[in-house]
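Engineer: how would this look folded up:
(one chain, ligands or ions: 1)
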Amino acid sequence: MNTPDVPLLLSGVTVVDPVAGDVEDAAVLTGTDGRVAALGSRDEVLASSGEDVREVRTQGYVVPGLINMHVHLGLALPGAMSDAVDGASDSQTVLLMADAAARTLQAGVTTVRLVGESRYLDVDLRAAVDRGAVPGPRIFTACHALCCTGGHGWDADALEADGADAFARATRLQLRAGADLIKVCVSGGIAGEHESIDTPQLTEDEVRVVIETAHAWGKQVTAHAASSATVLPALRLGLDGVEHGYSLDEETVALMAEKGTWYVPTITVSRCREFFELNQVPEWMMERALGAGPEHWASLQRAIAAGVRIVMGSDMPPYAPFDGTTATVREMEFMEEAGMSPREVLAAATSRAAEWLGADDLGTLRPGSRADLLLLDEDPREGVSALRSLRAVVQGGRPVRDDRAELVAWTAVPA
Ligand SMILES: [Zn+2]
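Structural biologist: Next up, the predicted model:
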């Protein structure tokens, strides 16, 4: 990732940080190593900095860059979206992914967790972003999602396997390619025409071998899992994370809370008619998605009440326009509407997500962390809709979006 030539001192702002705490009239100093060098009052920070510092005096609110935990850069929903990617060559696909990555970063999402991509192109993209060759968020990826023959995602490049040996191999193939985590589809979902949301798809042996294999290699497993019938047995086998959870009963959320299982509700998926219409998604899918809405909402509220560890993921493209903002910000607004406090939602999209990823230098602006930050006009403590007022994005200490050209004079041309 490209690093800045000169340290940046951003002063006059209020920092709202789930880990470092809130600092009024703050200054943030980012070093040429792309990390936060100091955070505190302007006097304190200036005292600790060297000579060559470019100061930007401004106002507004600074939060850590967002982490979106359920992203597909190269896949598409049935309908007009998949017409653009079906049959695409590797080079065509990776260009589409790079475009999506750049838009994602512009939307303030500085890190993504990819939960189902294709042909290991995500591994190449991850390397290119790390080198600073293409703009994009930091990438953690599951590579291919895994499913049974004809199971959820099979027609969107999930890798099909049947039987414990085949699932062990499929898991190992992802680890060999460089997967950061494993994603397995244990139930039906919204986007599969020949399944229903609660179709169980894997045997217990298959789920167990995926979890045991990944854990042996020190990687976590998250599951596309729609309802209690499929989530509960997987929890008992040691599953680390649940995606969607369209229908989770009290027993399930209680067990998730007890075991510390992570939940990525992707609540937008069951309430985004406008997005589906815009992308000409087929009628059967729209009905299934929106039909799941009330129980999905109730499941999220049960999880909140039970104290389940919840992190933010949109499933929709992170930058996709939706309700006058992006799918990422709308997802956060829904989480707040469902009962989480603005501070909890911000943590779910920053520091808590980083905790899942095992990256303690992400999701916070405490000194030593990666200098990924957003500049907002409005106060996110009043409500996460403040993210609609995003005006600048800094990644690794370099401004990558700067609507008011406040930071641009400082921007270094990548070496
Ligand atoms: Zn998904």
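Engineer: All the helices of the stretch 151-300 of the chain, residue numbers only.
Structural biologist: Under the criterion DSSP state H, counting those that start in this stretch, helices of the stretch 151-300 of the chain are mapped to 164-177, 204-216, 228-236, 250-259, 273-278, 283-291, 293-306.
Engineer: what's the angle between the last one and helix 283-291?
Structural biologist: Relative orientation of helix 293-306 with respect to helix 283-291: 40 degrees, computed using axes from the mean of the first three to the mean of the last three C-alpha atoms, to 10 degrees.
Engineer: Packing partners of helix 293-306?
Structural biologist: Under the contact criterion of 3 or more C-beta pairs under 8 Å, 6 or more residues apart in numbering; DSSP states H and E, helix 293-306 touches strand 241-247, helix 250-259, strand 309-310. C-beta: built from backbone N, CA, C; applies to glycine.
Engineer: Determine which stretch of these is the most buried.
Structural biologist: When you average the neighbours per residue for each of those (mean count of other C-beta atoms under 10 Å), strand 241-247 leads with a mean of 26.
Engineer: That one vs helix 283-291, what angle?
Structural biologist: Relative orientation of strand 241-247 and helix 283-291, computed by the same axes, to 10 degrees: 90 degrees.
Engineer: Check which helices and strands strand 241-247 sits against.
Structural biologist: With contacts defined as 3+ C-beta pairs under 8 Å, 6+ apart, strand 241-247 has these neighbours: strand 221-227, helix 228-236, strand 262-264, helix 293-306.
Engineer: quick one: strands adjacent to that strand?
Structural biologist: As defined by DSSP bridges, the strand partners of strand 241-247 come to strand 221-227 (parallel), strand 262-264 (parallel).
Engineer: For these, give me a markdown table that also has mean neighbour count, distance to residue 340 and mean pLDDT.
Structural biologist: As requested, the strands paired with strand 241-247 are arranged in a markdown table below (neighbours: other C-beta atoms under 10 Å; distance: least, C-beta to C-beta, whole Å; pLDDT from 0 to 100):
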| stretch | mean neighbour count | distance to residue 340 | mean pLDDT |
| --- | --- | --- | --- |
| strand 221-227 | 28 | 20 | 96 |
| strand 262-264 | 25 | 12 | 98 |
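Engineer: Arrange these in a markdown table, one row each, with distance to residue 365 as further columns.
Structural biologist: As requested, the strands paired with strand 241-247 are arranged in a markdown table below (distance: least, C-beta to C-beta, whole Å):
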| stretch | distance to residue 365 |
| --- | --- |
| strand 221-227 | 27 |
| strand 262-264 | 23 |
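Engineer: Of all these, which one is nearest residue 286?
Structural biologist: Set against residue 286 and scored by C-beta to C-beta, the strands paired with strand 241-247 come closest in strand 221-227, at 17.0 Å.
Engineer: hang on, the earlier thing: weakest of the helices of the stretch 151-300 of the chain by average pLDDT?
Structural biologist: Least confidently modelled of the helices of the stretch 151-300 of the chain is helix 273-278, at a mean of 82 by mean pLDDT.
Engineer: send the alpha carbons of that one over as CSV?
Structural biologist: Listed next in CSV are the C-alpha coordinates belonging to helix 273-278 (Å, rounded to 0.1, in the frame of the first residue of the first chain):
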residue,chain,number,x,y,z
ARG,A,273,-36.7,-3.4,-3.0
GLU,A,274,-35.3,-0.3,-4.6
PHE,A,275,-32.0,-2.0,-5.1
PHE,A,276,-33.5,-5.2,-6.5
GLU,A,277,-35.7,-3.2,-8.9
LEU,A,278,-32.8,-1.1,-10.1
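Engineer: ok, now which ones touch residue 226?
Structural biologist: Contacts here follow C-beta atoms under 8 Å, 6 or more residues apart in numbering; on that basis residue 226 touches 187, 188, 189, 197, 198, 244, 245, 246, 247.
Engineer: and with 6 Å instead?
Structural biologist: 187, 189, 197, 198, 244, 246 (C-beta atoms under 6 Å, 6 or more residues apart in numbering).
Engineer: before we move on, what about residue 188?
Structural biologist: Remark: with contacts taken as C-beta under 6 Å, 6+ apart, residue 188 is in contact with 152, 195, 196, 197, 199.
Engineer: before we move on, back to that, which among the contacts of residue 226 gets closest to residue 156?
Structural biologist: Out of the contacts of residue 226, the member with the shortest distance to residue 156 (by C-beta to C-beta) is residue 189, at 10.4 Å.
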